[in-house]
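In: Output the structure for:
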Amino acid sequence: PPHGEDSLNLVAVWEVALSDGVHKIEFEHGTTSGKRVVYVDGKEVIRKEWMFKLVGKETFCVGAAKTKATINIDAVSGFAYEYTLEINGKSLKKYMENRSKTTNTWVLHLDSEDFRVVLEKDTLDVWCNGKKMETAGEFVDDGTETHFNIGNHDCYIKAVSSGKRKEGIIHSLIVDNREIPEIVE
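Out: Below you'll find the model as predicted:
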């Protein structure tokens, strides 16, 4: 008979910040049955009731852009296991470090709602609360502006060269003519 084994089997939880939001990945591993269950944002995406092999990997997709994620299950010693998450083939830490170089994130409060705005610097795609925004780019004297709207608020991301090679281009988000501070995830 089951003894609420499920809750005891939750062996790992990760939070992954992607352009469309922060996703929660949970992994259940029954070390007697070999059972493996993966949840993304509370929704079951993989369930294997009985696995002869206790080690291995499970691969699935996360988020609107169907980002590839893999959970690796490794035996450490005896009956101890280690669980690591890879995103697009990189360790979570490496992936997030790389992401902080290729994206900018801002969080702002408008009309009593919270918005998370992400700029993907390589494509200049702008995401807001999980949706890719319609944008219009325009060249200005000191750089470029990428315009979009949140509700009836005018927003743009201004890209200006820092004049220093190491820093490259500085991006700032302007909403209703005021600058929003960037956050580091």
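In: Could you use CA atoms for every contact and neighbour count after this?
Out: Fine.
In: From what I see, Glu86 and Thr70 are in contact.
Out: Yes - assessed by Cα atoms under 8 Å, Glu86 is found in contact with Thr70 at 5.1 Å.
In: can you count the residues close to Asn104?
Out: The tally of other residues near Asn104 (other Cα atoms under 10 Å) stands at 22.
In: Correction: the previous question concerned Asp141.
Out: By other Cα under 10 Å, 6 other residues sit near Asp141.
In: And it, what's its pLDDT?
Out: pLDDT for Asp141: 89.
In: Please point out which parts of the top strand by length along the chain sit buried.
Out: Taking DSSP state E as the criterion, the chain has its longest strand at strand 67-77. Going by neighbour count (16 or more other Cα atoms under 10 Å), the buried part of strand 67-77 is 69-73.
In: List just the nearest of those residues to Asn149.
Out: Taking Cα to Cα as the measure, Asn149 lies nearest Ala69 of the buried residues of strand 67-77, at 31.5 Å.
In: Find the residue closest to the closest one in space, skipping its chain neighbours.
Out: Ile87 (4.6 Å; Cα to Cα, 6 or more residues apart in numbering).
In: where does this protein dip in pLDDT?
Out: The chain contains residues with pLDDT under 70 at 1-8.
In: Would you map the helices across it?
Out: Secondary structure of the chain by DSSP state H: the helices cover 5-8, 92-102.
In: Buried deepest among those, which one?
Out: helix 92-102 (a mean of 14; mean count of other Cα atoms under 10 Å).
In: Give me the distance from it to the chain's centre.
Out: 10 Å (Cα atoms, centre = their mean, to the nearest Å).
In: Also stretch 31-40?
Out: Here stretch 31-40 shows a centroid-to-chain-centroid distance of 23 Å under the convention Cα atoms, centre = their mean.
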